[in-house]
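**Student:** Sequence plus the predicted model coming up.
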Amino acid sequence: MNILLTGGLGFIGSHTAVVLSQQGHQVTILDNLCNSQIGVLANLEKITNQKLPFYEADVRDTQMLCKVLSENQIEVVIHFAGLKSVSESAQDPLKYYDNNVGGTIGLIEAMQVQKINKLIFSSSATVYGIPHYLPCDEDHPLAPINTYGKTKLQAEEIMRDLVVSDPAWSIVALRYFNPIGAHESGLLGEVPNGVPNNLMPYVCQVAIGKLPHLNVFGDDYETKDGTGERDYIHVMDLAEGHLAALNYVNHCPGFEVINLGTGIPCSVYEVIAAFEKSARRTIAKKVQPRRSGDLPIYFAKADKAKQLLGWSAKRDLQTMCDSSWKFQENLSK
Ligand code: NAD
Ligand code: WQD
């Protein structure tokens, strides 16, 4: 199938591009490079041994989107393009509403013009907010506690209303938990702008000496070892989940939300221990006060993905750390 990946040079989009290309799909990428580098395209083409049509453009440019959709006879869109920093969304909410919600509206309008009605959307577990129960299933109350999560929920609500207005649409919103890891080649991975906010890229930079130590944000939570627990999922498992969702949107009209997680919570100390095994070195760390807005623990109930998509995560934490370290070593060469 002809598939457009908006934000396809980003961390998750680029890994999904590999999986889809290797399954014989024709992947087109649109990205404004606000949080990725053009060099990712060359690595993608090296891995897939294919030339991938690429457009440096913004999803909010509806005219350009119509051109891309038409020129490449796109049949399905996977919408990765979005800003994802919780802290930045608090500092600049309008930027996040414009980009994440406005961008989604612009994309859907262009799809309507081109009569394309199959869409897979990158949503987030942050739409759940503070857990009322765990594991989080898709029926958990939706109460995001930050602007970023609100933009993801609003985009979902727009899609839900769209499907009610026109049942010909087939949309799946995938709620990712904590994606980490990298492609086995070591050519693709997570390359954050500036000092990383997230745990794994920060640990990687401590391991290569770019940062002096890891700040452990709290060791006094009611968790297995006092540190925060999360549902880390290998980015390649996530990419394969999109392939499964693609098959689903091809056969099932309507709107569905589906968690993509492992269902296995891991603590910060467990991640550090696994990573130290991968990198064969000690990660210097200092316990700091809890980070504002952090939850003690959250993780997915992953049954619906298994039932509807026939998909479940296969890779364990050690594999995630091994692949992250291999990418970081490559990056540092
Ligand atoms: P990323 O920043 O690596 O990739 C997003 C890509 O979209 C980047 O290449 C960026 O340049 C591009 N982009 C952003 N705004 C754009 C716009 N207006 N027009 C065109 N391109 C634009 O992030 P990621 O980790 O790959 O996440 C992909 C999607 O998944 C995002 O929507 C994010 O909110 C969501 N998500 C990510 C995580 C995570 O922890 N990484 C978790 C849940 C959901
Ligand atoms: C994980 C754990 C921290 C950094 C974020 C976004 C979420 C989603 C995934 C987009 C926590 C601890 C972290 C550090 C630490 N992104 N930590 N020191 O906060 O679960 O989720 O990324 O959708 O929206 O909120 O991920 O990697 O920042 O933190 O101790 O330097 O690691 O306290 O327990 P988080 P994270």
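**Tutor:** Sure, I can see it. Ligands and ions are numbered 1, 2, ... in the order given.
**Student:** which residues of this structure score low on pLDDT?
**Tutor:** For the chain, applying pLDDT under 70 flags no range at all.
**Student:** what number of residues lie near Ile208?
**Tutor:** 14 (other C-beta atoms under 10 Å). C-beta here means a position set from N, CA and C on the backbone, and glycine is covered the same way.
**Student:** same thing with Ala284?
**Tutor:** 12.
**Student:** do the same with Asp92
**Tutor:** Residues near Asp92, counting by other C-beta under 10 Å: 14.
**Student:** got it, and Ile158?
**Tutor:** 16.
**Student:** how close does the closest residue to ligand 1 within the stretch 201-333 of the chain sit to Arg315?
**Tutor:** The minimum distance from the stretch 201-333 of the chain to ligand 1, using C-beta to the nearest ligand atom, falls at Val235 (8.2 Å). In this view, Val235 and Arg315 are 9 Å apart by C-beta to C-beta, to the nearest Å.
**Student:** And Glu222, by the same measure?
**Tutor:** Taking C-beta to C-beta, one finds Glu222 at 28 Å from Arg315.
**Student:** who's more crowded, the two?
**Tutor:** Arg315 (18 against 7).
**Student:** The residue of the chain found nearest ligand 2: what's it in contact with?
**Tutor:** Taking C-beta to the nearest ligand atom, ligand 2 has its nearest neighbour within the chain at Gly228, 2.2 Å off. By C-beta atoms under 8 Å, 6 or more residues apart in numbering, the contact set of Gly228 is Phe217, Gly218, Tyr221, Ser267, Val268, Asp294, Leu295, Pro296, Ile297.
**Student:** Likewise for Val163?
**Tutor:** So Val163 contacts Trp169, Ile171, Pro253, Gly254, Phe255 (C-beta under 8 Å, 6+ apart).
**Student:** May I have the helix or strand where it lies exported as CSV, CA atoms only?
**Tutor:** Under the criterion DSSP states H and E, the helix or strand holding Val163 is helix 147-165. Presented in CSV, the C-alpha positions along helix 147-165 are these (Å, rounded to 0.1, in the frame of the first residue of the first chain):
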residue,chain,number,x,y,z
THR,A,147,-1.1,20.4,28.0
TYR,A,148,0.7,17.8,25.9
GLY,A,149,-1.7,15.0,27.0
LYS,A,150,-4.6,17.4,26.4
THR,A,151,-3.6,17.9,22.8
LYS,A,152,-3.5,14.2,22.2
LEU,A,153,-6.9,13.7,23.8
GLN,A,154,-8.4,16.6,21.8
ALA,A,155,-7.0,15.1,18.6
GLU,A,156,-8.6,11.7,19.5
GLU,A,157,-12.0,13.5,20.2
ILE,A,158,-11.8,15.2,16.8
MET,A,159,-11.3,11.8,15.2
ARG,A,160,-14.1,10.2,17.2
ASP,A,161,-16.6,13.0,16.1
LEU,A,162,-15.3,12.7,12.5
VAL,A,163,-16.2,9.0,12.4
VAL,A,164,-19.7,9.7,13.7
SER,A,165,-20.2,12.3,11.0
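**Student:** How about that helix and ligand 1, touching?
**Tutor:** No. Using C-beta under 6 Å from any ligand atom, helix 147-165 never reaches ligand 1; the gap is at least 6.6 Å.
**Student:** ok so, going back, please identify, among the contacts of Val163, the one with the most neighbours.
**Tutor:** That'd be Ile171 among these, by other C-beta under 10 Å, with 25 neighbours.
**Student:** The helix or strand containing that one versus helix 147-165: what angle between them?
**Tutor:** Assigned by DSSP H and E, Ile171 falls within strand 170-176. For strand 170-176 against helix 147-165, the angle by axes from the mean of the first three to the mean of the last three C-alpha atoms, to 10 degrees is 160 degrees.
**Student:** so after strand 170-176, what's the next helix or strand?
**Tutor:** Next element after strand 170-176 (DSSP H and E): strand 178-180.
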